[in-house]
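Undergrad: Structure for the following, please:
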Amino acid sequence: MKKVLVLSGSPRKGGNSDLLCDRLMKGAQSAGHQTEKIYVKDKNIHYCTGCGACYDKRVCSQKDDMTEVLAKMIDADVIVMATPVYFYSLNGQIKTLIDRCCARYTEISNKEFCFIMTAADGNKSSLERTLESFRGFTDCLDGATEKGVIYGTGVWQKGEVKGKTVMDEAYRMGASL
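TA: Residues are numbered from 1 along each chain as shown. You can find the predicted model right below:
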């Protein structure tokens, strides 16, 4: 059994990327894995200030919910990161979370990663910049393994992803972890 942590960057519960998170979780649960989803928007996570306090102490000077989220990331076996794509990049919620991993990023080691991206644009290649942003993060982590990418393309309105084949892809990815 693996611990699967899903970081939903969607600002809309029930939004397209969030629905794909739920579907991936169902697949992971069907395989006997333990799952937990964190709605990043519901957490009080401040921007990195670049103060440098974490360089020596490996502890962030800010006291907010990132301490809890980071501990869960370190404890997980699999981390799923999901973002709606605005202007061909990560949304602010996920980017802020990534930036705040600085204090303990060396402890996020030997993890499997899955990435979920949704966009109104119907072309997968339009999401490559977003995927490269995720990969830029995992390139800094020892032993990070990319297990899969879900492209929820051509979806704009909340819930529009329902009934699309990408929902089945998300389930299969979760079941294959």
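
Undergrad: Could you look up the SS state of Y151?
TA: strand (DSSP: H, G, I helix; E, B strand; the rest coil).

Undergrad: burial measure for it, as a count.
TA: Residues contacting Y151 under the criterion other C-beta atoms under 10 Å number 22. To be clear about C-beta, it is placed using only N, CA and C from the backbone, and glycine gets the same treatment.

Undergrad: so who does it touch?
TA: Counting by C-beta atoms under 8 Å, 6 or more residues apart in numbering, Y151 touches M117, K124, L127, V166.

Undergrad: Could you do R135 as well?
TA: E146.

Undergrad: one step back: for ChimeraX, write the select line for the buried members of the contacts of Y151.
TA: To isolate the buried ones among these in ChimeraX, judged by 16 or more other C-beta atoms under 10 Å, type:
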select :117,127,166
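
Undergrad: So what does W156 look like in phi/psi?
TA: phi -130, psi -60 (degrees, to the nearest 10).

Undergrad: buried residues in the helix or strand hosting D56?
TA: Using DSSP states H and E, D56 maps to helix 53-57. Neighbour-count burial for helix 53-57, counted by 16+ other C-beta under 10 Å, picks out C54.

Undergrad: Now do it: distance to the chain's middle.
TA: On the basis of C-alpha atoms, centre = their mean, to the nearest Å, helix 53-57 sits 25 Å off its chain's mean C-alpha point.

Undergrad: and the next helix or strand after it, which residues are buried?
TA: Downstream of helix 53-57, the next assigned helix or strand under DSSP H and E is helix 66-75. Judged by neighbour count (16+ other C-beta under 10 Å), helix 66-75 contains these buried residues: M66, V69, L70, M73, I74.

Undergrad: and what of stretch 150-158?
TA: Within stretch 150-158, the residues scored as buried using 16+ other C-beta under 10 Å are I150, Y151, G152, T153, G154, V155.

Undergrad: got a markdown table for these, with pLDDT too?
TA: Converted to a markdown table, the buried residues of stretch 150-158 look like this (pLDDT from 0 to 100):
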| residue | pLDDT |
| --- | --- |
| I150 | 98 |
| Y151 | 98 |
| G152 | 97 |
| T153 | 97 |
| G154 | 96 |
| V155 | 97 |
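
Undergrad: Give me the residue at the spatial middle of this structure.
TA: By C-alpha atoms, centre = their mean, the chain has its centre lying nearest to M81, at 1.1 Å.

Undergrad: relative to its centroid, which residue of this structure is most remote?
TA: What lies farthest from the middle of the chain is D56; by C-alpha atoms, centre = their mean that is 27.2 Å.
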